[in-house]
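Q: everything below, folded, please.
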Amino acid sequence: MQDTELTSQPKWTVPEQTATLTIRGLSCASCVRRAETALSQLAGIQSVAINLANASVQVHYIAESVTFAQMRQAVQALGFDLLSSSTETSPEDRAEEERQREYRELRTRLGYGAALLGAVLLLDHGALFGLGHGLTHATVLNHWWQAILTTPLQFGVGWYFHRSSLTLLRHGAANMHTLVTVGTFSAYFYSLLVLLWPELLPTADTVPEVYFETSGTIIVLILLGRWLEARARGRTSQAIRQLVGQVPKTACLLRGTAEVEIPLSQVLPGDRVVVRPGEKLPVDGVVAEGHSSVDESMVTGESLPVERKVGDPVIGGTLNGRGTLVCVATRVGEASVLAQIITLVRQAQGAKPPIAHLADRIAAVFVPVVLVLAAVTFAVWWRLGPEPALSQALLHAVSVLIIACPCALGLATPTAILVGTGRGAELGILIRGSAALETAHRLHRVVFDKTGTLTEGKPVLTDWSGTAADLALVAGAEWSSEHPIALAIVAHAQRENLTLPKADFFEALPGQGVRARFGTQEVLVGTRRLLRAAGIEVAAWEEPLAVLEQAGKTALLAAVAGRVAGIVAMADTVRPGSRAAVAALQRMGITVALLTGDNRRTAQAIAGQLGIMEVLAEVLPGDKAAEMGRLQASGQVVAMVGDGINDAPALARADVGIAMGGGTDVAMEAADITLMRSDPQGVVTAIQLSRATMTNIRQNLFWAFAYNVLLIPLAAGVWYPWFGLHLSPVWAAAVMALSSVTVVSNALRLRRFVAR
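A: Residues are numbered from 1 along each chain as shown. Got it, this is the predicted structure:
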């Protein structure tokens with residue numbers, strides 16, 4: 001479904017809607033989990049998916065049962081905010097505006113924080129700069145100055161973390177910011193206690209150490225990490241923002257002999273649009289006048305411009321070359337190809353693949369577990385640790401709180417999905433859902449339809465063994481069919497200047513042929529099975545049929561008035577990239593099969609040319625989906641590649657359905673992945689992109705988990721008794737800040753993906 005405004009719907013509209021919204025205030029996987037839970041508990045919400053990488057919310061809801069105000073109230077109770085859809089700006093623009101707002105806030109806070117922290121460090125470590133024991137030699141006075149400078153840093157600059165922590169605390173919840181708040185306030189208030197009531201501490205006679213600089217350094221380092229992360233995230237959704245920005249805001253219409261420029265929203269189907277050299281086409285249409293080359297790379301991924309002349313289709317958002325075109329608009333607004341592409345990419349980026357649910361389940365309990373671990377760490381060090389035990393207990397507990405922030409965990413999957421699907425769109429590969437992106441890397445078998453997929457789908461009549469009069473009847477029977485074979489027969493008859501009679505009756509028999517009647521004469525064109533079912537003897541024609549079929553041609557029998565009138569044979573050329581695509585899939589360890597309704601000899605001949613060993617021939621359209629089920633029942637993960645209406649059930653049944661972009665809208669709607677170019681090499685690219693994306697996600701998740709598994713014990717001081725190893729809160733903050741940046745940077749490598 002398309003994005004829509006979250007407003008009350010008229011009674012006559014379909015109540016189920018999907019909207020892409022923007023959420024403000026998310027910080028980690030725990031935040032995502034709580035916001036999704038809060039929204040999904042509202043009556044009328046069907047499903048919710050939040051993407052931390054671009055702060056988007058994809059919500060499927062019943063319009064008359066829930067309002068935007070209710071949704072916003074639900075997330076505001078958790079300390080977040082929800083921004084409504086707008087017809088003026090796209091979801092990507094809103095997400096970018098929010099990122100820029102957050103980026104500016106972080107930069108401002110980071111600037112103030114760095115200045116205050118610099119002064120505190122000079123006071124605490126002045127000896128490093130040749131300033132003796134700091135800028136003040138009296139220790140207590142030095143500590144007071146540190147307290148004065150750290151207070152605005154803790155409560156002002158650090159309010160970025162504390163505001164959401166306090167809001168969640170009121171609801172008995174916690175997130176990544178809670179860990180930062182507890183850790184920094186622990187160090188800050190402990191230092192105040194040392195400063196105000198040193199006699200309460202067991203080491204009061206030795207002037208205990210203060211940790212104001214620890215509190216301030218943690219805040220500044222984590223702010224630095226969030227700032228770098230926000231900066232990097234700006235590049236994750238660049239691909240879809242480029243797609244959104246392709247369509248011009250206005251169009252030049254031809255009204256009579258005058259040209260009038262109007263807003264794009266006012267263009268209607270049937271309008272004549274003028275596109276001059278170097279301009280982008282504002283709408284989908286058909287060329288009515290002119291000839292030019294058009295750069296369609298942003299839609300199809302094809303680097304070379306394509307020639308467009310009168311009668312050829314053009315796509316909105318593509319770039320016109322050297323000639324002026326006059327195009328008749330066919331699809332505008334949300335019906336355009338580019339709008340549908342953007343919708344598909346948004347759906348894929350907003351949906352969650354199955355692998356993401358592991359991170360969700362962990363995030364649900366992660367922060368409470370960390371709080372417990374920090375408390376246990378504090379208790380053990382206070383009771384069993386060396387003096388000063390209280391200080392050691394505090395430092396190790398704070399290190400555990402800071403090192404365990406689950407930012408990287410929350411970004412691991414959505415960032416890779418965001419970049420991977422965007423890169424796919426740039427290459428002309430549209431992935432309908434992130435589940436398809438995850439499944440494609442596990443494929444065991446790819447089943448190709450033959451006609452229009454591995455072959456050009458434009459067969460040419462090569463043989464006819466009957467009379468011209470019978471050929472005219474055969475072509476007349478095929479006139480009402482849209483099958484490529486029928487088109488080839490009609491085109492040949494027209495080239496022969498034959499007069500085609502009009503049938504009184506016509507019936508298409510899927511997978512068998514056609515039946516037509518001209519007065520009292522019945523004409524059948526199709527397979528042996530069709531003629532035998534009509535009681536016509538075909539045994540005498542087996543040998544010539546076999547000769548044609550072994551040559552790789554599609555041979556059909558034509559019967560007129562109950563007798564075989566001749567054989568009609570067609571040849572379909574193999575697509576240039578088909579053999580290379582089949583070979584590449586086989587090198588990847590994937591079994592390739594050919595599925596066709598053609599007879600086995602013809603199918604084997606085509607398969608032999610392509611190096612395909614497995615052939616599923618003479619399969620009726622209604623049985624193609626059953627073939628997918630049979631293969632799946634053997635435990636295989638199967639992809640179906642097709643382009644026609646009769647492929648749609650099989651595309652839907654397969655684990656991954658891949659539709660060729662030159663095919664029908666029905667096939668594209670049923671498929672999980674659509675190739676904008678009718679090139680089988682796109683299947684290889686799609687699978688390789690899936691593998692690269694899933695590898696990237698696993699790398700991100702591995703480091704997110706390994707990071708916590710390895711460093712939490714180090715921060716807790718588990719290895720200290722044996723090896724003397726531990727991690728200070730300052731280093732914990734530095735490592736935690738860099739973890740999120742590392743995950744985002746790793747995901748951004750997918751922008752450079754190139755098929756091998």
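
Q: low-confidence ranges, the stretch 651-756 of the chain, go.
A: Scanning the stretch 651-756 of the chain for pLDDT under 70 picks out 662-670.

Q: and residue 278, what's its pLDDT?
A: Looking at residue 278, its pLDDT stands at 88.

Q: contacts only, for the residue nearest to it when sequence neighbours are not counted.
A: Spatial nearest neighbour of residue 278, chain neighbours left out: residue 320 (6.7 Å); criterion: C-beta to C-beta, 6 or more residues apart in numbering. To be clear about C-beta, it is placed using only N, CA and C from the backbone, and glycine gets the same treatment. Residue 320 is in contact with 275-281, 292, 294, counting by C-beta atoms under 8 Å, 6 or more residues apart in numbering.

Q: would you map the helices across the stretch 1-150 of the chain?
A: Listed in chain order, the helices of the stretch 1-150 of the chain (DSSP state H, counting those that start in this stretch) span 29-40, 68-76, 91-124, 139-152.

Q: which strands and helices lie in contact with the first one?
A: Put plainly, it is helix 29-40. The contact analysis (3 or more C-beta pairs under 8 Å, 6 or more residues apart in numbering; DSSP states H and E) places helix 29-40 against strand 45-51, strand 56-62, helix 68-76, helix 356-384, helix 407-426.

Q: of all the ones you listed, which one is nearest residue 120?
A: Ranking those by proximity to residue 120 (C-beta to C-beta) places helix 356-384 first, at 24.1 Å.

Q: output the helix or strand following the closest one as CSV, restricted to C-alpha atoms.
A: Going down the chain from helix 356-384, the next helix or strand is helix 389-403, by DSSP states H and E. C-alpha atoms of helix 389-403 as CSV (Å, rounded to 0.1, in the frame of the first residue of the first chain):
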residue,chain,number,x,y,z
ALA,A,389,37.1,-0.3,48.0
LEU,A,390,34.2,2.2,47.6
SER,A,391,36.0,4.1,44.8
GLN,A,392,37.0,0.9,43.0
ALA,A,393,33.4,-0.4,43.3
LEU,A,394,32.0,2.8,41.9
LEU,A,395,34.5,2.9,38.9
HIS,A,396,33.9,-0.7,37.9
ALA,A,397,30.1,-0.4,38.2
VAL,A,398,30.1,2.7,36.1
SER,A,399,32.3,1.0,33.5
VAL,A,400,29.8,-1.8,33.2
LEU,A,401,26.9,0.6,32.8
ILE,A,402,28.7,2.6,30.1
ILE,A,403,30.3,-0.3,28.1
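
Q: okay, buried residues for helix 389-403 please.
A: Residues of helix 389-403 classed as buried: 390-403 (neighbour count, 16 or more other C-beta atoms under 10 Å).

Q: with stretch 166-179 instead?
A: Using 16+ other C-beta under 10 Å as the test for burial, stretch 166-179 gives 167-168, 173-179.

Q: go on, stretch 29-41?
A: 29-36, 38-39.

Q: what does it contact?
A: Residues contacting stretch 29-41 (C-beta under 8 Å, 6+ apart): 23, 25-26, 45, 47-50, 52, 57, 59, 71, 74-75, 77-78, 80, 164, 168, 173-176, 359-360, 362-364, 366-367, 406, 409-410.

Q: related to what we said a few turns ago, output the buried residues of stretch 166-179 in TSV; the columns should cover pLDDT and secondary structure.
A: Output for the buried residues of stretch 166-179, formatted as TSV (pLDDT from 0 to 100; DSSP: H, G, I helix; E, B strand; the rest coil):
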residue	pLDDT	secondary structure
167	78	helix
168	74	helix
173	71	coil
174	71	coil
175	70	coil
176	71	helix
177	78	helix
178	80	helix
179	78	helix
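
Q: what is the most widely separated pair among those?
A: Using C-beta to C-beta, the two most remote members of the buried residues of stretch 166-179 are 167 and 179, lying 15.2 Å apart.

Q: follow-up on the earlier one: same list (the buried residues of helix 389-403) but as JSON lines, adding pLDDT and distance to residue 711.
A: As requested, the buried residues of helix 389-403 are exported to JSON lines (pLDDT from 0 to 100; distance: C-beta to C-beta, whole Å):
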{"residue": "390", "pLDDT": "81", "distance to residue 711": "24"}
{"residue": "391", "pLDDT": "81", "distance to residue 711": "21"}
{"residue": "392", "pLDDT": "84", "distance to residue 711": "18"}
{"residue": "393", "pLDDT": "86", "distance to residue 711": "19"}
{"residue": "394", "pLDDT": "85", "distance to residue 711": "18"}
{"residue": "395", "pLDDT": "85", "distance to residue 711": "15"}
{"residue": "396", "pLDDT": "87", "distance to residue 711": "13"}
{"residue": "397", "pLDDT": "87", "distance to residue 711": "15"}
{"residue": "398", "pLDDT": "86", "distance to residue 711": "14"}
{"residue": "399", "pLDDT": "85", "distance to residue 711": "9"}
{"residue": "400", "pLDDT": "86", "distance to residue 711": "9"}
{"residue": "401", "pLDDT": "82", "distance to residue 711": "12"}
{"residue": "402", "pLDDT": "81", "distance to residue 711": "10"}
{"residue": "403", "pLDDT": "81", "distance to residue 711": "5"}
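
Q: quick one on the thing from earlier: what's the most buried one of the helices of the stretch 1-150 of the chain?
A: Ranked by mean neighbour count, the helices of the stretch 1-150 of the chain are led by helix 29-40 with a mean of 23 (mean count of other C-beta atoms under 10 Å).

Q: please consider this matter closed, and thank you.
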